[in-house]
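Enquirer: Got a sequence here, can you model it:
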Amino acid sequence: MEKKNQDFSMEEIMRLAKSPAGQQLIAMLKQRDNTKLEQAVTQAKSGDYSQATQTLKTMLSSPEAQRLLKDLGGK
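Expert: Numbering: from 1, shown residues only. Down below sits the predicted model:
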């Protein structure tokens, strides 16, 4: 059975991550705070999606991140 979190399948997340805007977002997050990004990935891998979401929320609050997220949402 496919796990979904907030109506996004893993396939959808991977597709978005591979898009140009997704790649820019990942690069920006790594540059901004790679340790925190790795923490969010570890939390998600362990199944703690709530904590991973909280960790990413703080990282995604910048105007640049919001612009990239908007680009992702429009595709």
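Enquirer: so is G47 in a helix, a strand, or just coil?
Expert: Taken by DSSP: H, G, I helix; E, B strand; the rest coil, the conformation at G47 corresponds to coil.
Enquirer: Kindly report the same for L29.
Expert: L29 ends up helix, using three-state DSSP.
Enquirer: Which residues are in contact with it?
Expert: 37, 59-60, 65 (CB atoms under 8 Å, 6 or more residues apart in numbering). Every C-beta, even on glycine, is put in place using the N, C-alpha and C of the backbone.
Enquirer: and the residues you listed, which are buried?
Expert: Restricting the contacts of L29 to buried positions leaves 37, 59-60, 65, with burial counted as 16 or more other CB atoms under 10 Å.
Enquirer: helices or strands up against whichever strand or helix holds K57?
Expert: Element membership for K57, per DSSP states H and E: helix 49-59. With contacts taken as 3 or more CB pairs under 8 Å, 6 or more residues apart in numbering; DSSP states H and E, helix 49-59 sits against helix 20-45.
Enquirer: Now do the buried residues in the helix it packs on.
Expert: Using 16+ other CB under 10 Å as the burial criterion, the residues of helix 20-45 that qualify are 21-22, 24-25, 28-29, 37, 39-40, 43-44.
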